[in-house]
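**Q** my questions are about this predicted structure, shown below with the sequence.
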Amino acid sequence: MVKVAPSILSANFCNLAEEIRRVQSADWLHLDVMDGMFVPNITIGVPVVQAIRKHTDMFLDVHLMVEKPHRLIDAFCEAGADMLSVHLEADSPRGIDQALRAMEANGVKRAIALRPITDPKAVLPYLERVDMVLVMTVEPGFGGQKFMTHRLEAIREVRGLIERHYPKCYLEVDGGIDLVTAPQVIAAGADVLVAGTAVYGADDVPQVIKGLRGV
């Protein structure tokens, strides 16, 4: 079954504990970490992830939108992340290798992420080392953006590469996911959906989560 990972980027940060409780029927919780350098926005850091970990036993899917992410892997692992995603565009191949090695040493799930500007084939050197590939369908940095329809081809291409090289790998899609776009990305090969506005803006959150899964 398709997994749904609500993004707290769209939550009410004045009442984060309650906002996490609202999405308890989801599979994962998606935490967007932005440093104001890799993307033009600043969101949360290690202390917030620590606080969330103490509050919930949900799987914490931490998306690092930061420059040179290898510097921060140990800290976010200690804070309670279950999976860390690092952007291939955020460092050199050597730096990405360092980040993946640090994740492995800490025993967390490993993921790589792609901005819309990046060729899907860039995942090839890493596929057999990661548990998930995250394909962005908006430019990272801000929630509530419109889904880039042309990214469906990139999702299909990454799914094909996963099936050929490491079928156990998840394919996550993040950006503009709602009840209209979710079936399209699932058909293209996604098995984890990140949704922010569509979930947190809903009157009936559990029903929307079910709808995103297609059930």
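**A** Cool, got the structure.
**Q** pLDDT score for the spatially most central residue of the chain?
**A** Nearest to the geometric centre of the chain sits residue 63, at 5.0 Å (C-alpha atoms, centre = their mean). Per-residue confidence at residue 63 stands at 97 (pLDDT).
**Q** please report the distance of residue 54 from residue 43.
**A** As judged by C-beta to C-beta, to the nearest Å, residue 54 and residue 43 stand 19 Å apart. From N, CA and C alone the C-beta is placed, and that goes for glycine too.
**Q** who's more crowded, the two?
**A** Under the neighbour definition other C-beta atoms under 10 Å, residue 54 and residue 43 were set side by side, and residue 43 has more, 20 against 9.
**Q** return the residues in contact with the residue lying closest to the more buried one once chain neighbours are set aside.
**A** Leaving aside its sequence neighbours, residue 43 sits nearest to residue 34 (C-beta to C-beta, 6 or more residues apart in numbering; 4.4 Å). When contacts are counted by C-beta atoms under 8 Å, 6 or more residues apart in numbering, residue 34 touches 41, 42, 43, 65, 66, 140, 141.
**Q** mind checking the SS state of residue 34?
**A** strand (DSSP: H, G, I helix; E, B strand; the rest coil).
**Q** please name the bridge partners of it.
**A** Beta-bridge pairing of residue 34 under DSSP bridges involves residue 65.
**Q** flag the shaky bits of this structure, pLDDT-wise.
**A** 141-145, 215 (pLDDT under 70).
**Q** which element is the closest residue to the residue nearest to the centre of the chain other than its chain neighbours on?
**A** Leaving aside its chain neighbours, residue 63 sits nearest to residue 85 (4.7 Å; criterion: C-beta to C-beta, 6+ apart). According to DSSP states H and E, residue 85 maps onto strand 83-87.
**Q** list the helices and strands the helix or strand following that strand packs on?
**A** Where DSSP H and E defines the elements, the next helix or strand beyond strand 83-87 is helix 93-106. Counting contacts by 3 or more C-beta pairs under 8 Å, 6 or more residues apart in numbering; DSSP states H and E, helix 93-106 is packed against helix 73-79, strand 83-87, strand 109-114.
**Q** give the buried residues for the longest one.
**A** This means helix 73-79. Neighbour-count burial for helix 73-79, counted by 16 or more other C-beta atoms under 10 Å, picks out 73, 76, 77, 79.
**Q** now the helices for the chain?
**A** Applying DSSP state H to the chain gives helices spanning 16-22, 46-55, 73-79, 93-106, 151-165, 182-188, 197-200, 205-213.
**Q** return stretch 17-30 as PDB; C-alpha atoms alone will do.
**A** C-alpha atoms of stretch 17-30 as PDB (Å, rounded to 0.1, in the frame of the first residue of the first chain):
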ATOM      1  CA  ALA A  17       1.900  18.600  19.400                       C
ATOM      2  CA  GLU A  18      -1.800  18.800  18.400                       C
ATOM      3  CA  GLU A  19      -0.900  19.100  14.700                       C
ATOM      4  CA  ILE A  20       1.100  15.800  14.900                       C
ATOM      5  CA  ARG A  21      -1.800  14.200  16.700                       C
ATOM      6  CA  ARG A  22      -4.100  15.200  13.800                       C
ATOM      7  CA  VAL A  23      -2.100  13.100  11.400                       C
ATOM      8  CA  GLN A  24      -1.600  10.000  13.500                       C
ATOM      9  CA  SER A  25      -3.400   7.900  10.900                       C
ATOM     10  CA  ALA A  26      -0.600   8.600   8.400                       C
ATOM     11  CA  ASP A  27       2.300   6.200   7.900                       C
ATOM     12  CA  TRP A  28       5.300   8.600   8.300                       C
ATOM     13  CA  LEU A  29       5.900  12.200   9.500                       C
ATOM     14  CA  HIS A  30       7.900  14.400   7.100                       C
END
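**Q** many thanks, have a good one.
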